[in-house]
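**Q** I would like to see how this sequence folds:
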Amino acid sequence: MPTFDYSTITQEPVVYYPRSGNPSAVLGLAMEFYIGGPGQPGRVRAMADCVQAYLTQAQGQFRSYAVANDRVMRRLKPGENIDPALIEAMVDPDAGYEIEAGWEDDKAHFWSLSSACNKVERQTYLGDLLITYPFSILDQIGLDGFIQQFVSMCNAMEVEHAYAGPSFIEPFNVGGMDAALEVIGSELFNYPCFNAYSLTMTKIQAGDGTKSIGFLTAVSNRILEKAGGAQAVLANAGQSTLSCPYSNGVIFQAGNIPQIGSPNFIPQEYINLGRALKPTRAEFDKSLFDDPAGIDDDAFTQRWLSRFDGV
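**A** Residues are numbered from 1 along each chain as shown. Prediction:
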């Protein structure tokens, strides 16, 4: 079976903020989840459990964090982890649910966490969870372990859509993440198979559809109806696409191993899945990333979202 060799992927920052010189993006692994019906206590409970599982993996990796209603960042001592009781308190339906954690504010780092659920009942307004890792986590859990964890979390949270695999990793705090979206566009097409994220804008605009695809892409049965259902997607994607069901839909895998791509090369496995899931794509009418040419942010975002259309 082929193995994913990440040794050639730089572990140095790939984008820096022009004023501060701090890293605005590094390359690693990410799992990005969107859940519907955030008011449903079972899904919020499941999201909290997933956060707790990630915090166990990330023991000692965080320096800063904030939870709902915090006005300033809380600081952790070396080796210290976030108190699980703080996560449990947010499961209460009357409590706000929000947590962000990472190394330092406004600096991209391989370990980061962001999660939020608004107290609304509308299915098409989504809650989100983002967890990130260095590629070296694969030395511990293997690619199969990474895939199995994604499947398990999708099952538990009954996600509407979710993505996992190689990704640009942005600063964990909202301000730093927003600022990164202004500058990372210059590198996005150098690593076309890597995901990138604008959590708030995706949460708002992709309630009834997907964003794009990743190495792993979970799509709910509700959204899959836009493409004729899971079997139609698989028939159109062909044999290079693997799949497995989860509690609310189907997870699709673009080939046997993650790939990187290049400005002039999109792997066929990603094109096959991208084309098949194109009918599920949400209609983004606002930009996710700034155009590095400074011309048209919306058009640049659409070009990135459609990079696997194969046209």
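
**Q** Which other helices and strands does the longest strand belonging to the chain contact?
**A** Longest strand of the chain, by residue count under DSSP state E: strand 23-35. Helices and strands touching strand 23-35, by 3 or more C-beta pairs under 8 Å, 6 or more residues apart in numbering; DSSP states H and E, are strand 15-16, helix 41-57, strand 127-133, helix 137-157, strand 161-169, helix 174-180, helix 199-205. The way it works is simple: take the backbone N, C-alpha and C, and place the C-beta from them, glycine included.

**Q** Highest mean neighbour count out of the ones you listed?
**A** Highest mean neighbour count among the helices and strands packed on strand 23-35 (mean count of other C-beta atoms under 10 Å): strand 161-169, with a mean of 27.

**Q** Could I get the CA-only coordinates of that strand as CSV?
**A** Provided in CSV are the C-alpha atoms of strand 161-169 (Å, rounded to 0.1, in the frame of the first residue of the first chain):
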residue,chain,number,x,y,z
HIS,A,161,-20.0,18.6,6.1
ALA,A,162,-16.4,18.2,7.2
TYR,A,163,-12.9,18.1,5.7
ALA,A,164,-9.6,16.5,6.8
GLY,A,165,-6.1,16.1,5.4
PRO,A,166,-3.1,18.4,4.6
SER,A,167,-4.0,22.1,5.2
PHE,A,168,-2.7,25.6,5.7
ILE,A,169,-2.8,26.2,9.4
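
**Q** and it, how far from the chain's centre?
**A** 4 Å (C-alpha atoms, centre = their mean, to the nearest Å).

**Q** how about Ser220, phi and psi?
**A** phi -70, psi 160 (degrees, to the nearest 10).

**Q** Excluding sequence neighbours, find me the nearest residue to it.
**A** Distances taken as C-beta to C-beta, 6 or more residues apart in numbering put Gly249 closest to Ser220, at 4.0 Å, once the chain neighbours are dropped.

**Q** Can you verify my assumption that the one you found contacts Glu225?
**A** No: counting by C-beta atoms under 8 Å, Gly249 sits too far from Glu225 to count as a contact (10.2 Å).

**Q** these two touch, right, Val26 and Ala108?
**A** Yes: with contact defined as C-beta under 8 Å, Val26 reaches Ala108; the gap is 4.8 Å.

**Q** any low-confidence regions in the stretch 101-250 of the chain?
**A** 119-125 (pLDDT under 70).

**Q** dump the residue contacts of the residue nearest to Ser220.
**A** 159, 218-224, 230 (C-beta atoms under 8 Å, 6 or more residues apart in numbering).

**Q** re the thing from before, quick one: distance of the longest strand of the chain to the chain centre.
**A** 5 Å.

**Q** Tell me the strands beside it, with direction?
**A** strand 15-16 (antiparallel), strand 127-133 (antiparallel), strand 161-169 (antiparallel) (DSSP bridges).

**Q** related to what we said a few turns ago, just tell me which of the helices and strands packed on strand 23-35 ends up closest to Gln259.
**A** Gln259 sits nearest to strand 161-169 of all the helices and strands packed on strand 23-35, at 8.2 Å, using C-beta to C-beta.

**Q** ok, Val26 and Ala108, which is more surrounded?
**A** Neighbours were counted for Val26 and for Ala108 using other C-beta atoms under 10 Å; Ala108 has more, 30 against 23.

**Q** So which elements touch the helix or strand in which Val233 is found?
**A** Assigned by DSSP states H and E, Val233 belongs to helix 230-237. Contact partners of helix 230-237 among helices and strands, from 3+ C-beta pairs under 8 Å, 6+ apart: helix 221-224, strand 241-246, strand 249-254, helix 268-277.

**Q** between these, which one is nearest to Ile141?
**A** strand 249-254 (16.6 Å).
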